[in-house]
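[1] Below: sequence and its predicted model.
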Amino acid sequence: MDTMKHFSEGTYDAVVIGAGHAGCEAALALARTGQKTVMLTLNLDSIGFMPCNPSIGGTAKGHLVREIDALGGEMGLNADKTALQYRMLNEGKGTAVQSLRAQTDKNAYHTEMKRVLEHTPNLRIVQGEAADLLTEGGRVTGVVTSYGGVFSCRAAIIATGVYLGARTITGDTVAESGPNGFARATLLTEALLRLGYSVRRFKTGTPARLDGRTIDYAALPVQPGEEVYPFSFLHTAVPPAEKQTPCYLTYTNAETHRLILENLDRAPLYNGAISSTGPRYCPSIETKVVRFADKERHQLFLEPEGADTTEVYVQGFSTSLPHDLQKAMYRTVKGLEHCEIVRYAYAIEYDCIDTLDVLPTLEFKKIEGIYTAGQINGTSGYEEAAAQGLVAGLNASLKLRGLPPLVLRRDEAYIGVLIDDLVTKGTDEPYRMMTSRAEYRLTLRQDNADLRLTEIGYRCGLVTKARYQTFLARKKLREETAALLQSRADRKIADRLVQEAGQPPLAAGVTYADLIRRGIPLSRIQQAFSVLTDIPADVRLSCETEIRYEGYLKRSEEQMAKAKKMEESPLPPDLDYAAIAGLRLEAREKLARIRPLNLGQAERISGVSPADIAVLMVYLSMKK
């Protein structure tokens, strides 16, 4: 790079490096808020690409998608436009942990996202590899391509996904390649190290794709779609269940497991060929068979890759075993006895950073104007990436406009939990969002994401005025629905419902809300009394949940108020923790490394005890 002749590619407010799910949201957040932006991608055909599962949403991930949408992002809109099938996961559990998931058309998702980006004002898309970052006086000033082109800028968002230093592994075969045969990025890691980032290696993997014509679907249980609500708050309904594309269910068996266990010496995960850290919550089939030796079978889902292809994704069957073993292994499974593989499975290793080097805004602590988002931050999943991309892009835009940053609290959004976990606790393995990570999950539900976040998105300039008006109309509808549920119900019908539910007789003057508190589902009330027939499903669900769990929600609000007080106690960025008497050595080291913004963040750092927090509180009060 030192000897290559540089030439100007123009001056921009911001450069986004990468066009995966993080890069797309970052570029759109910047351009839509008036920033002249360029998005640099290795290949235009990889924009919004799904190298692994052709789906959006899932456990906790569905929450993230609705939050992205509520803030003015694109993922939910695009998922709805290209969905083949919808399902609500954990439907038998409480509302807080239910998660929306859509099987999407992989090619259509990419094509539609590319179309949106191409027609966004203030945004230029360029195919090329970022090779270096230019800085001056502790600030970023430009991004250099591998051909010497210089994009001068005041902000750079690095969203390289799994492409940075990528190599794919299948058996003994190692390819210097990105996912799905795309070229990898090779030059930027050196620049990150020079700037002061801590770089490490993570790994993920993907299953084989089968020719759907060679699958015996008649032998398998069908998984039909469901008529649930859509991802985007701008959409009102999903297609009827009968018009959605079915998926199918099957299982591994003793023969599958025998083949794997007898050939572990050929498995890169067990013979030393792969030493990087993989995802705990999405392990390969080899890991599952070894780790859960008592399990007789593992569940597999057969999911279509798109409406225009016969390719089928085998969810739950990720592997890096050699091709001959893959073929034999897949054919041990019921329904797949004669299957033909069209794309073999592989593992992929890539470079990522330690997010303890990153502020809650996702800006680098050492160089102003550089942000990171997505799998470079050590996360796994399209949804986690998109959420970070939106926050990084929006924060870069807010900084360029001279406005306060966006830092979502843990009690405001799953996005807040995700980013706080990354920058406060760090991660030693690919991080995946789960509902159990959110201590206020009863408040952070899918149905109320717009009530929590759309006002914030509007203040930041990402939610348009038209969209905000739609939100206000929906908010009013929700208030009217809540008020109607507090009105009197017909006594005779109410008595009958209570009797059916085996509940004690009612007192006089019962309301619809009283019936909900008795455990009678709102859907049954709606049917019996012919009320709320034209109210969207997620609005009804939101009102029902607020009534059913009002006691728990009140307690949660009290806890949130206490936590908020801690967040409102700022810690000076240049505080010398080594000089504070009473702090334990581990706490001093951790606090100095992470530099928490406030007492709330300090409290969540692993290795900082309640006694250390008490010392900090005394110190702050003395300073005041």
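    Cool, got the structure.
[2] Output the below-cut-off pLDDT ranges for the stretch 451-600 of the chain.
    For the stretch 451-600 of the chain, no stretch has pLDDT under 70.
[3] one more time with 90, if that's ok
    Low-confidence segments of the stretch 451-600 of the chain, defined by pLDDT under 90: 490-492, 494-495, 498-510, 518-519, 533-534, 537, 562-566, 568, 573.
[4] Helices of the stretch 51-200 of the chain, start to end?
    For the stretch 51-200 of the chain, the helices defined by DSSP state H, counting those that start in this stretch occupy 61-70, 75-82, 106-118, 188-195.
[5] closest to S152 out of these?
    Closest approach to S152 among those (C-beta to C-beta): helix 188-195, 16.2 Å. Any C-beta I mention is one placed from the backbone N, CA and C, and that applies to glycine too.
[6] What is that closest one packed up against?
    strand 130-136, strand 199-206, strand 346-353 (3 or more C-beta pairs under 8 Å, 6 or more residues apart in numbering; DSSP states H and E).
[7] tell me the average confidence for that helix?
    Averaging pLDDT along helix 188-195 gives 97.
[8] Ok, stretch 411-424 next?
    pLDDT averaged over stretch 411-424 gives 97.
[9] what about that stretch, start to end distance?
    End-to-end distance of stretch 411-424 (C-alpha to C-alpha, to the nearest Å): 16 Å.
[10] Okay, buried residues for that stretch please.
    Across stretch 411-424, burial judged by 16 or more other C-beta atoms under 10 Å covers 411-424.
[11] and if you look at stretch 315-323?
    Q315, G316, F317, S318, T319, S320, L321, P322.
[12] and what of stretch 104-116?
    Per 16+ other C-beta under 10 Å, stretch 104-116 contains these buried residues: T104, D105, K106, N107, A108, Y109, H110, E112, M113, K114, V116.
[13] Among those, which pair sits farthest apart?
    Across the buried residues of stretch 104-116 (C-beta to C-beta), the longest gap, 16.3 Å, separates K106 and V116.
[14] doesn't M434 make contact with Y281?
    Yes. Taking contacts as C-beta atoms under 8 Å, Y281 lies within contact range of M434: 7.2 Å.
[15] hey, which helix or strand in the chain has the poorest pLDDT?
    Counting by mean pLDDT, DSSP states H and E, the weakest-scoring helix or strand in the chain turns out to be helix 268-271, with a mean of 86.
[16] Could I get the contacting residues of A438?
    Going by C-beta atoms under 8 Å, 6 or more residues apart in numbering, A438 touches A60, R410, Y414, V417, L444.
[17] L575 and I274, how far apart?
    41 Å (C-beta to C-beta, to the nearest Å).
[18] Pick out whichever of those two has more residues nearby.
    Under the criterion of other C-beta atoms under 10 Å, the comparison of L575 against I274 puts I274 first, with 22 against 17.
[19] ok so, going back, for the next helix or strand after the least confident helix or strand of the chain, packing partners?
    Later in the chain than helix 268-271, the nearest helix or strand by DSSP states H and E is helix 285-291. The contact analysis (3+ C-beta pairs under 8 Å, 6+ apart) places helix 285-291 against helix 254-261, helix 268-271.
[20] Mind listing what's buried along the first one?
    Just to be clear, that refers to helix 254-261. Result for helix 254-261 [16+ other C-beta under 10 Å]: buried residues T256, H257, L259, I260.
[21] Next, give phi and psi for the closest residue to R209 other than its chain neighbours.
    Using C-beta to C-beta, 6 or more residues apart in numbering and skipping residues adjacent in sequence, the residue nearest R209 is R343, 4.1 Å away. For R343, the backbone dihedrals (degrees, to the nearest 10) come out as phi -140, psi 120.
[22] pretty sure R343 contacts E311?
    Yes. Counting by C-beta under 8 Å, R343 touches E311, with 7.3 Å between them.
[23] Give me the common contacts of these two.
    R209.
[24] longest helix of the chain?
    In terms of residue count, the longest helix belonging to the chain (DSSP state H) is helix 465-485.
[25] Could you report the neighbour count for D308?
    10.
[26] In a helix, it, correct?
    No. Using DSSP: H, G, I helix; E, B strand; the rest coil, the secondary structure at D308 is coil, not a helix.
[27] Now do it against L403, distance only.
    From D308 to L403 the distance is 44 Å (C-beta to C-beta).
[28] all helices of the stretch 301-450 of the chain, in order?
    With DSSP H, counting those that start in this stretch as the criterion, the stretch 301-450 of the chain has helices spanning 323-330, 382-400, 414-420, 449-459.
[29] Repeat that for the stretch 501-624 of the chain.
    512-517, 522-529, 537-548, 550-567, 585-594, 599-603, 610-623.
[30] And those helices: which comes nearest E91?
    helix 537-548 (11.3 Å).
[31] Helix 449-459 and the closest one, what's the angle between them?
    110 degrees (axes from the mean of the first three to the mean of the last three C-alpha atoms, to 10 degrees).
[32] mind checking how far helix 537-548 is from the chain centre?
    24 Å (C-alpha atoms, centre = their mean, to the nearest Å).
[33] what does stretch 241-255 give?
    On C-alpha atoms, centre = their mean, the centre of stretch 241-255 falls 24 Å from that of its chain.
[34] What are the buried residues along that stretch?
    For stretch 241-255, by 16+ other C-beta under 10 Å, it's Q244, T245, P246, C247, Y248, T250, Y251, T252.
[35] Neighbour count for Y281 and M434, which is higher?
    Legend: neighbour count by other C-beta under 10 Å for Y281 and M434, higher for M434 (16 against 13).
[36] tell me the contacts of that one?
    Per C-beta under 8 Å, 6+ apart, neighbours of M434: T59, A60, Y281.
[37] tell me which of those is nearest to P224?
    T59 (19.7 Å).
[38] pretty sure that closest one is touching S436, no?
    No. Counting by C-beta under 8 Å, T59 stays clear of S436, with 9.6 Å between them.
[39] Have a look at the two and say which one is more surrounded.
    Neighbours were counted for T59 and for S436 using other C-beta under 10 Å; T59 has more, 18 against 10.
[40] which non-adjacent residue is nearest K288?
    Counting by C-beta to C-beta, 6+ apart, the residue nearest K288 is H298, at 5.5 Å.
[41] And the closest residue to Y197 other than its chain neighbours, how far from V314?
    Nearest residue to Y197 in three dimensions, chain neighbours excluded: I353, at 4.8 Å (C-beta to C-beta, 6+ apart). To V314, I353 is 32 Å away according to C-beta to C-beta.
[42] Among the two, which residue is more densely surrounded?
    V314 (25 against 22).
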